[in-house]
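> here is a sequence with its predicted model. Questions after.
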Amino acid sequence: MRLILLGPPGAGKGTQAQRLVQKYGIIQLSTGEMLRAAVASQTPVGLQAKDIMASGALVPDEIVIGIISDRLDQPDMKNGFILDGFPRTVPQAAALDELLKKKHIKLDAVVELRVNESALLDRVETRVAEMRARGEEVRIDDTPEVLSKRLANYRSLTEPLIHYYSERRKLLTVDGMMTIEHVTREINRILSAIGAVEPRAAAPARKARGAARKTAGLTGKKAAKTAKKAVKTARKATKPASTAASKAASLAKGRGTAKAKKAAKKTTSRPAKKVTKKRAKR
């Protein structure tokens, strides 16, 4: 299963990504984590990214695509992946499509978590007020002001992706304002409906059913073959016996007829001789 999760900040992409990872055994790909891993591994692309990141500049799309390409070649990617946070722009999406095409990898779906921005802001305001009331420290990036800026960036840069993937019939939209459990169930339902997923627990069961059917088929064929052979052998055994019996009956009949004829001839010939002799005496 290969997915992309779309949605504004606070939509719950990270939570749903983790649930999909646990359920289907796939890998969650974060561009930030991949960049750091590539730099730590000192891969050719990672070394390029290191110098750019050290200067404080944004890493170009072609380097990010190169890092994703290297990651997709690793063995743990065979079950699939979820891209969270990439692509962010239409050019990135086009570059990703080209990469997947070269690697003969099919993107199953793009899941959009659609939310109400006003409701998101209300949630953040409520959470911040509750934290302050408890005397807890509020993160600098977890305020209504910061969220408003992030939402504006999402609308201008990332929201066009919805139209991009909708045109390619890859977009699946889920109401992100439902509870976490409801969102999870809805994502699983629509992924199952398009045939994109097969739970890990179902795979062995399906294999077992297939093996059972195969064994049953082989057993049936073997039994039919054995029965056919037995019938053939019985016919062979019966044929000589019936032929011999027929020949014996025919021979017996022939012998009986010959004996009867001989006896009849003898019986009719004896009186005739006696009569002849008596007449001769007279």
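Received, thanks.
> quick one: low-confidence residue ranges for the stretch 101-250 of the chain.
Residues of the stretch 101-250 of the chain that meet the criterion pLDDT under 70 lie in 197-250.
> which parts of it are strands?
109-114, 171-175 (DSSP state E, counting those that start in this stretch).
> pull up the pairing partners for the shortest one, direction included.
Using DSSP bridges, the strands paired with strand 171-175 are strand 109-114 (parallel).
> and the partner strand, what's buried?
In terms of neighbour count (16 or more other CB atoms under 10 Å), strand 109-114 has its buried residues at 109-113. Every residue, glycine included, has its C-beta placed from N, CA and C.
> now swap in stretch 41-48 and tell me
For stretch 41-48, burial by neighbour count (16+ other CB under 10 Å) applies to 45-46, 48.
> so which residues make contact with that stretch?
35, 37-40, 63, 66-67, 70 (CB atoms under 8 Å, 6 or more residues apart in numbering).
> keep only those of the residues you listed that are in helices.
Judged by DSSP state H, helices contain the following of the contacts of stretch 41-48: 35, 37-40, 63, 66-67, 70.
> could I get the strands of the stretch 101-250 of the chain as JSON lines with distance to Asp84?
Output for the strands of the stretch 101-250 of the chain, formatted as JSON lines (distance: least, CB to CB, whole Å):
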{"stretch": "strand 109-114", "distance to Asp84": "10"}
{"stretch": "strand 171-175", "distance to Asp84": "15"}
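> any idea which of those gets closest to Asp97?
Of all the strands of the stretch 101-250 of the chain, strand 109-114 sits nearest to Asp97, with 11.1 Å by CB to CB.
> rewinding a little: would TSV of the buried residues of strand 109-114 with distance to Gly12 be doable?
Converted to TSV, those look like this (distance: CB to CB, whole Å):
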residue	distance to Gly12
Ala109	17
Val110	16
Val111	11
Glu112	12
Leu113	6
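> of all these, which comes closest to Ile187?
Distances from Ile187 to the buried residues of strand 109-114, taken by CB to CB, are shortest for Val111, at 6.0 Å.
> isn't Glu186 up against Gly176?
No: contact criterion CB atoms under 8 Å: Glu186 and Gly176 do not qualify, at 9.7 Å.
> mutual contacts of the two, please.
Counting by CB under 8 Å, 6+ apart, nothing touches both Glu186 and Gly176.
> hang on, the earlier thing: which one of the contacts of stretch 41-48 is nearest Arg127?
Leu35 (29.3 Å).
> picking that back up, do you know which of the strands of the stretch 101-250 of the chain lies nearest Ser55?
strand 109-114 (32.7 Å).
> and the contacts of that closest one?
By CB under 8 Å, 6+ apart, strand 109-114 touches 3-7, 11-13, 16, 161-162, 165, 170-177, 183, 187, 190-191, 194, 196.
> try 7 Å this time
The contact list for strand 109-114, computed with CB atoms under 7 Å, 6 or more residues apart in numbering, reads 3-7, 11-13, 16, 162, 165, 170-176, 187, 191, 194, 196.
> same deal with stretch 77-93?
Against stretch 77-93 from outside (CB under 7 Å, 6+ apart): 1-5, 13-14, 17, 20-21, 25-31, 61, 64, 96, 157-158, 160-161, 164.
> roughly how far apart are Asp142 and Gly135?
To Gly135, Asp142 is 16 Å away according to CB to CB, to the nearest Å.
> the more surrounded of those two?
A side-by-side neighbour count of Asp142 and Gly135, using other CB atoms under 10 Å, places Asp142 first with 13 against 6.
> coming back round to it: show me the contacts of strand 109-114 that map onto helices.
13, 16, 162, 165, 187, 191.
> as TSV, those with distance to Val128 would be great.
What follows is those, written out as TSV (distance: CB to CB, whole Å):
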residue	distance to Val128
Lys13	21
Gln16	23
Ile162	29
Tyr165	33
Ile187	28
Leu191	34
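> ok, those residues vs Met131, which is closest?
Lys13 (22.3 Å).
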